[in-house]
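Peer 1: Got a predicted model here, sequence first, then my questions.
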Protein chains: 4
Amino acid sequence: MTDKMKVALLGAAGVLGQRFLELLAKHQFFEPTALVDVMVGKRYQEATKWRLSSQMPQTFREMKIQSVDSISKGEVDLVFSALPGGLARQIELDLAKKGLFVVSKAKDLRTEPDVPLIVPEVNGDHLSLIKKQREQRGWEGAIVTDPNCSTTILALTLKPLWDRFGLDSVAVATMQSISGAGYPGVASLDIIDNVVPYIGEEEEKMIIELKKLLGPEDKPAEISVAASCNRVPTIDGHMEAAFVRTRKKVSPEDVKKTFAEFKGLDLPTAPHQPIIVRDEPDRPQTRLDRDAGNGMSVVVGRIRSDEVFGLSYTVVGHNTIRGGAGGAVLVAELCHSKGYI
Amino acid sequence: MTDKMKVALLGAAGVLGQRFLELLAKHQFFEPTALVDVMVGKRYQEATKWRLSSQMPQTFREMKIQSVDSISKGEVDLVFSALPGGLARQIELDLAKKGLFVVSKAKDLRTEPDVPLIVPEVNGDHLSLIKKQREQRGWEGAIVTDPNCSTTILALTLKPLWDRFGLDSVAVATMQSISGAGYPGVASLDIIDNVVPYIGEEEEKMIIELKKLLGPEDKPAEISVAASCNRVPTIDGHMEAAFVRTRKKVSPEDVKKTFAEFKGLDLPTAPHQPIIVRDEPDRPQTRLDRDAGNGMSVVVGRIRSDEVFGLSYTVVGHNTIRGGAGGAVLVAELCHSKGYI
Amino acid sequence: MTDKMKVALLGAAGVLGQRFLELLAKHQFFEPTALVDVMVGKRYQEATKWRLSSQMPQTFREMKIQSVDSISKGEVDLVFSALPGGLARQIELDLAKKGLFVVSKAKDLRTEPDVPLIVPEVNGDHLSLIKKQREQRGWEGAIVTDPNCSTTILALTLKPLWDRFGLDSVAVATMQSISGAGYPGVASLDIIDNVVPYIGEEEEKMIIELKKLLGPEDKPAEISVAASCNRVPTIDGHMEAAFVRTRKKVSPEDVKKTFAEFKGLDLPTAPHQPIIVRDEPDRPQTRLDRDAGNGMSVVVGRIRSDEVFGLSYTVVGHNTIRGGAGGAVLVAELCHSKGYI
Amino acid sequence: MTDKMKVALLGAAGVLGQRFLELLAKHQFFEPTALVDVMVGKRYQEATKWRLSSQMPQTFREMKIQSVDSISKGEVDLVFSALPGGLARQIELDLAKKGLFVVSKAKDLRTEPDVPLIVPEVNGDHLSLIKKQREQRGWEGAIVTDPNCSTTILALTLKPLWDRFGLDSVAVATMQSISGAGYPGVASLDIIDNVVPYIGEEEEKMIIELKKLLGPEDKPAEISVAASCNRVPTIDGHMEAAFVRTRKKVSPEDVKKTFAEFKGLDLPTAPHQPIIVRDEPDRPQTRLDRDAGNGMSVVVGRIRSDEVFGLSYTVVGHNTIRGGAGGAVLVAELCHSKGYI
């Protein structure tokens, strides 16, 4: 265990923090040694209420919650931030100034031009921004971010189409699970037997982040995006109905082949197949497909022609694994394997 | 009670039949006098299991189920058909031949060129096809149909846009309730904590029927339509996220005004306001808005510009009232008021 | 409108407050003239977000929220309290001291010996405690309370059994809807695809309040009660599975007859039949039966013998109508008709 | 792989059959070599639609569905029956006559006096009935059964109480998941936003089977049982609220200790801890606790005194694993380890 990288986790007691610990409990590169949250001094099992259907990993139960001030470069090699938006910005900036390497799930710094926003299979090359970031900001640390959950899931499917056929425009309607809103998040009175056609800032994030992911590192991709984000009564897993206009004309068969050929990375958390194509008319389904590839693959189906855009399909991905903690862990693995950490 | 029109109801024991009876129990024009279903001879309350949250209306409990053969022109003035698709075609044709006026919710004859497909506020003028139908088919009866539930709801919002701004194309993603599938319909194991991205033939129906509704009586409207139909775990009410390209450029304010000005008809089941516009960012919602206008209005919100189509909005309507029995009753009221029955 | 009693509503902006306004919008005795909540000075429609599937009644939209201090005896005749437990005690005591007649849904004062806890069909005679309360407390006002939702529903069924057969003991397992917890109440992440076997203080309330309701005004009934309270993913309506040991031996037929004969009161909100008996093996059901008698009746079924207690049955009632605002309005109607207000 | 026992699975294409295959895909004793269902001759992946959130195990995809007649003693060593009740009786009897050892989940033969009904941790000694069964029936095969899901879960908790304190009576209210009803099973229109207080024959099964499990092999235990079985909108996992009267007086602490000390068996599918005790006030919960011990443990909480029975608690178990395929596999493991197979 001694040669693993030491990791601090900010926001360890929240639901997203719990997902991080679930994934990091037996990770081959990373070992959480500092759990940061507000109830400083409490043992982890007192400071949190475990809300996942797994058991709280034994390793973390007795660890004491630390304050963010106690995190220093000598003691940890990497910081994961599961902090809420708004709160994250200043804390992450301070840590980077102190020389720490931060991989963040928070939205606050995603759109800064010198902060990489990464889905490893999509735009790992954007990590080169780290060099620019360090020069501009004059620090030795780094901040690398991971997109919003619904963006990650869609981006994984758009990337191979972008590369092979070019993309003109995309309209997407999402059907997102409640776990995306954290805890307590969505009130049950708002969502049982209901759909809520609005998630604050979600559509704006999808539009801006998709363009950043698909473009070169220094400017947004030239693509039009429209999004309609909806909350539905499911626990985990986001479904997205996409209408896509490619630059080159495509057939559904071309698209299936392109998705199936999209290669996975050779990293511990990376799924062998980032995109799994299902041929049944009624797949993907949220509950049946969210766990594909340990929650790190996305599952695509209903690939068909349409008379407005040319191409329609549906994709499902796990919002708190691929679109959450798992995505950030994969980004960290990529940073590590490329020598940034 | 003696001067009401006598009405036969086909498929009286099904869930759709129950909705018809709920609406017709105290109707000012129509009085159900013949309940047709398979358990001929049984009293209605023995032949059915009431699945609505209302009570079974007292009037119908003791009525005996009749066979379809027992329906004749002398005894009833109007036939509502709540028969399942497939079964409906021949039965409805036979009744029209016997001189009966049939208003049908079944899909079987909707696309025949001489069969009116009607949403009263949208294309009541298509009833003129009845004359043509009678000439061509050589019968004194008539068959008039009502569209698929998700089509009706969207068409109500497209009509005023079509008239005022023209429409080039529409892409729609639906989030449809389980009651749309009848009983037993969707297995609970398929839909709790799940979304199913497929409803058999639904997308095709939306595309074809929307064009018939918006066009003149003798040919489809020139508009491109793409649809992605999804089943979500809600009881009643369909939500639809629409992306719309108008021919004339529009602002969200123009659209709100146009919707709000869209006039209701002066018929017993017609809502005063066919389209209710909500300004809150998180409306319409399925559970909160499906009952607007006694389930006969549709509620629109999130009207906004987008960079792909120009216009996006979300609409909710009650699938088994406006999109079901209520829609058909309104069609019959229109036929009556225009002197066709 | 001038001869209606003027009513203040405390907690008007909460979900329970909304139910009160829904029921009082066209009430024949009472007219809300003062809406009290924290956002003093705001118009009601700005101060609240309407969470019921009905529309916010027109009458209240423009009314200004008042502070509790502005309520005085000259201006209102009756105060309904929809305040949260904890907060309610002091406010209600102060109002009673100022001479106001308070009907409260809050738990705080229910168990005080001189405060009537009333289900009108069960123990309306306990209102005689008002006299004692005024003497002991030396005020001209009054505080009358209404039980916890799950208690009211069960008590309505126990009362006729108590009167006719005597009761030795009751064990009850409840399956309670989320609306019982108010808003935001239960987090969706805690209840979708889940049952939570615990509702804070609920079991204690059921035990204590049932004994107070069934006993004479000055001491608890001699009956043993065990309760297991569970939260299930339903919107409205509490189901309760009761196991009952009567003092006299009973048959299921005796019990059905006794329930069916239980008389309603002649008050505006009182249901004609407080207990509706269903014979189908699978009724009552939460969604299908919660609205019976406009949500003021309870529906009982599965009445059967068992080898442990002798008698088992299941009851469903509407928790926010009969067990909430409707129950309190009915209490006020009774106070009014008996001349207490 | 060659030295594993060869296993036939009856009802392989149903949801219960799928659970069996999920558990047997990598089993250390058993290897499914014959999949029996109605679509004889089809490959398994054509004959079924996989409804679990796992992937269909690769091994079975290409296997051909066989008829029950093709099963013979020489070719398989053990038969698991996942047949529906009613259909199972004759088929299982015929197989036993042909010399096959049948472990059945079907209800049909559970109550026959010479057919063991087994929960391994509860009454493994009842397997001695096999000898009697063979003598009486004159066959070399055997039929061993596994109880109804809700019975198994409760019996696991009653057994240690029975042994240590004696039991007088039990009343139980269940909150059962939809997967207990198979596929298509419960219609979604019957269960979303609803509770159904009735599951056909379930209460009778619980009463009869509990007595058989707790008694000696040749007569029912002397205990009174009352049950109220309810269906709630959860996917997997049954919750049961139990009220228990022990013969010796017990404290909650005695009971916790007794549960925690209850030993697991040394068999591949047996959980280390059959009963897991949780101290939090709001556990067990259906979604969070159903998977404990890979779905083979039951989780108990809310252990408390009550004034009617003396003892109340709540238990959750996985209905299709411990109460379904997993339970039957464990029975077969016990038969194997005791030398019966």
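Peer 2: Great, that's in hand.

Peer 1: what's the pLDDT at the residue in the stretch 1-150 of chain A that chain B sits nearest to?
Peer 2: The nearest approach of the stretch 1-150 of chain A to chain B comes at residue A:53, 12.1 Å away (C-beta to the nearest C-beta). (Each C-beta comes from the backbone N, C-alpha and C, glycine too.) pLDDT, residue A:53: 87.

Peer 1: That one against residue D:285, yeah?
Peer 2: No: using C-beta atoms under 8 Å, residue A:53 is not in contact with residue D:285; the gap is 9.3 Å.

Peer 1: The two: which is more packed in?
Peer 2: residue D:285 (27 against 17; other C-beta atoms under 10 Å in any protein chain shown).

Peer 1: Contact partners for the more buried one?
Peer 2: Taking C-beta atoms under 8 Å, 6 or more residues apart in numbering or on different chains, we find residue D:285 in contact with C:190, C:194, C:195, C:196, C:197, D:239, D:316.

Peer 1: Tell me, how many residues neighbour residue A:12?
Peer 2: Neighbour count for residue A:12, taken as other C-beta under 10 Å: 26.

Peer 1: scratch that, residue A:262 is what I was asking about
Peer 2: The number of residues packed around residue A:262, counting by other C-beta under 10 Å, is 19.

Peer 1: Where is the longest helix in chain A?
Peer 2: helix A:149-165 (DSSP state H).

Peer 1: as a whole number, average confidence for it?
Peer 2: In this model, helix A:149-165 has a mean pLDDT of 98.

Peer 1: Which strands or helices does the helix or strand following it pack on?
Peer 2: With elements assigned by DSSP states H and E, the helix or strand that comes after helix A:149-165 is strand A:167-176. If you count contacts as 3 or more C-beta pairs under 8 Å, 6 or more residues apart in numbering or on different chains; DSSP states H and E, strand A:167-176 packs onto helix A:149-165, helix A:202-214, strand A:224-231, strand A:238-246, strand B:167-176.

Peer 1: if we can go back for a sec, of the contacts of residue D:285, which belong to strands?
Peer 2: Assignment to strands by DSSP state E places the following of the contacts of residue D:285 there: D:239, D:316.

Peer 1: How many residues are close by the residue in the stretch 51-200 of chain A positioned nearest to chain D?
Peer 2: In the stretch 51-200 of chain A, the residue that lies nearest chain D is residue A:193 (4.6 Å; C-beta to the nearest C-beta). Using other C-beta under 10 Å, residue A:193 has 24 neighbouring residues.

Peer 1: Apart from its neighbours in sequence, what residue is nearest it?
Peer 2: residue D:193 (4.6 Å; C-beta to C-beta, 6 or more residues apart in numbering or on different chains).

Peer 1: OK, contacts around the one you found?
Peer 2: Per C-beta under 8 Å, 6+ apart, neighbours of residue D:193: A:192, A:193, B:235, C:233, C:234, C:235, C:286, C:287, D:233.

Peer 1: Show me the residues you listed that map onto helices.
Peer 2: Per DSSP H, the contacts of residue D:193 map to helices at C:286, C:287.

Peer 1: pretty sure residue A:211 contacts residue A:205?
Peer 2: No: with contact defined as C-beta under 8 Å, residue A:211 does not count as touching residue A:205 (11.0 Å).

Peer 1: out of the helices and strands packed on strand A:167-176, nearest to residue B:312?
Peer 2: strand A:224-231 (5.9 Å; C-beta to C-beta).

Peer 1: tell me which parts of the stretch 201-341 of chain A are close to chain B?
Peer 2: A:207, A:224-228, A:230, A:232-235, A:239, A:241, A:243, A:281-288, A:301-302, A:306-309, A:312, A:314 (C-beta under 8 Å from any C-beta of the partner chain).
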